[in-house]
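Trainee: Next input, structure requested:
(one chain, ligands or ions: 2)
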Amino acid sequence: MTDDTTAAKLGLTDAELAVHPTVFASGALKDRVVVVSGGAGGIGRAIAWLCARLGAHVAVVGRNQTKLDSLVAEMADRDLKASAYVTDIREPDAVNALFDTVWAAHGRVDGLINSAGGQFPQAAIDFSVKGWNAVINTNLNGTWYMMQAAAQRWRDHKHPGNIVNIVVVTTHGLHGIAHTIAARSGVIGLSRAVAVEWAPLNIRVNCVAPGVIETEGWNVYSPAARAAYPRSNPMMRNGTTFDVAEACVYFAAPSGKFVTGEMLTVDGGGQLWGETWTTGKPAYFGGDDT
Ligand SMILES: CCCCCCCCC/C=C/C(=O)SCCNC(=O)CCNC(=O)[C@H](O)C(C)(C)COP(=O)(O)OP(=O)(O)OC[C@H]1O[C@@H](n2cnc3c(N)ncnc32)[C@H](O)[C@@H]1OP(=O)(O)O
Ligand SMILES: NC(=O)C1=CN([C@@H]2O[C@H](COP(=O)(O)OP(=O)(O)OC[C@H]3O[C@@H](n4cnc5c(N)ncnc54)[C@H](OP(=O)(O)O)[C@@H]3O)[C@@H](O)[C@H]2O)C=CC1
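Mentor: Ligands and ions are numbered 1, 2, ... in the order given. Presented below is the predicted three-dimensional model:
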């Protein structure tokens, strides 16, 4: 963790993700095909590495070809299987084309982990229509397009599948991210609803809610806000992308085969104790608005 936005890279590096110890057995995802949206970002990247290390072929999805290609190359250097797919999850036609392409390439898809998402910190009262729509479109609509496209093909191929949606902890009145709380609450409700509707199709749907996990995505927050994040939970520290990756794999691997419609919060106990101020702590609450 650093106060300097120009300093070291935030989060775990590829070299660290390649060797980070895991509780999962090698081969736990052998020959599975897993689609990871936001797979070249911080959390998605850890998910991609872990799934590939456990034997999966990972279809890494994002908007930035260069970021995706460099991850795939890093993984190929270690004999791990991954391919890059440039797709904006907010474009339903592109999302459908993505799943058709992955099915055509591999003849199967076994899992979808939705890590693409994000928001910007701002007092809700000042949200512009465009800003609100950007966050809802990305986090609710985009996630839904991915879920539906995956499920339709599992239904059509009579193939089992499972979905893990990365969300945000919605149980707190977290300042400065009301748009994302709205979007993620939608994803959580949606996940619970389709966990029931899609059980006859042998599709499981679960959510993982990270607390403060240091990634490059944190660059939208001020250094002062970031410096306070370790105080958001009783463990008094930030979590790592690998913590979230292992939670996702718990659901995606056979370990999760009797679990659906569930939420796993990976926040160091932040729902029970701690404060998170993405836009600084207002004087009203005893802060100085930094
Ligand atoms: C209990 C404990 C738990 C603890 C829980 C702790 C939670 C806090 C920590 C959470 C951390 C994360 O999730 S971090 C990891 C996630 N990653 C990110 O958030 C990365 C940054 N976010 C994004 O990229 C977002 O996806 C998003 C902003 C929606 C990007 O969408 P777009 O690509 O469409 O973005 P843009 O074109 O740049 O912006 C679209 C419009 O959004 C608005 N907009 C964008 N940035 C803005 C800004 N800084 N301030 C105001 N408005 C802004 C403007 O209206 C923009 O239009 P114009 O006016 O025309 O420009
Ligand atoms: N880090 C944290 O503390 C927390 C994170 N989360 C959530 O976890 C998820 C992952 O976060 P994190 O890894 O930290 O964030 P990052 O910003 O590092 O990664 C998010 C990735 O999503 C991709 N993405 C964003 N929008 C789109 C889009 N429209 N289409 C396709 N890909 C897109 C981006 O790739 P590209 O730019 O190439 O499109 C980016 O690599 C997000 O939903 C985030 O909100 C939740 C709680 C806390």
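
Trainee: use CA for all of it now, contacts and neighbours both
Mentor: Fine.

Trainee: Assign Ala195 to helix, strand or coil.
Mentor: The three-state label given to Ala195 by DSSP: H, G, I helix; E, B strand; the rest coil is helix.

Trainee: next one: Val244
Mentor: Val244 ends up helix, using three-state DSSP.

Trainee: can I assume it is in contact with Asp267?
Mentor: No. Using CA atoms under 8 Å, Val244 is not in contact with Asp267; the gap is 9.3 Å.

Trainee: Mutual contacts of these two, please.
Mentor: The contact sets of Val244 and Asp267 overlap at Pro210 (CA atoms under 8 Å, 6 or more residues apart in numbering).

Trainee: Against Leu10, how distant is Glu216?
Mentor: Per CA to CA, to the nearest Å, Glu216 is found 5 Å from Leu10.

Trainee: pLDDT at Gly173, what is it?
Mentor: Model confidence at Gly173, given as pLDDT, is 86.

Trainee: just Asp288 next, same as before
Mentor: At Asp288, pLDDT is 81.

Trainee: Look up how far Ala228 lies from it.
Mentor: According to CA to CA, Asp288 stands 13 Å off from Ala228.

Trainee: more crowded one of those two?
Mentor: Ala228 (18 against 10; other CA atoms under 10 Å).

Trainee: What values do phi and psi take at the more buried one?
Mentor: phi -90, psi -10 (degrees, to the nearest 10).

Trainee: Now do the same contact list for it.
Mentor: Contact analysis of Ala228 by CA under 8 Å, 6+ apart lists Thr276, Trp277.

Trainee: helix or strand for Leu10, which one?
Mentor: Leu10 is part of no helix or strand when elements are defined by DSSP states H and E.

Trainee: What residues does the stretch 1-150 of the chain have near ligand 2?
Mentor: 37-38, 40-44, 62-64, 87-90, 115-118, 138 (CA under 6 Å from any ligand atom).

Trainee: wait, I meant the stretch 151-290 of the chain
Mentor: Ile166, Val167, Val168, Pro210, Gly211, Val212, Ile213, Glu214, Thr215, Glu216, Gly217.

Trainee: which ones among those are found in strands?
Mentor: When DSSP state E defines the strands, the subset of these inside them is Ile166, Pro210.
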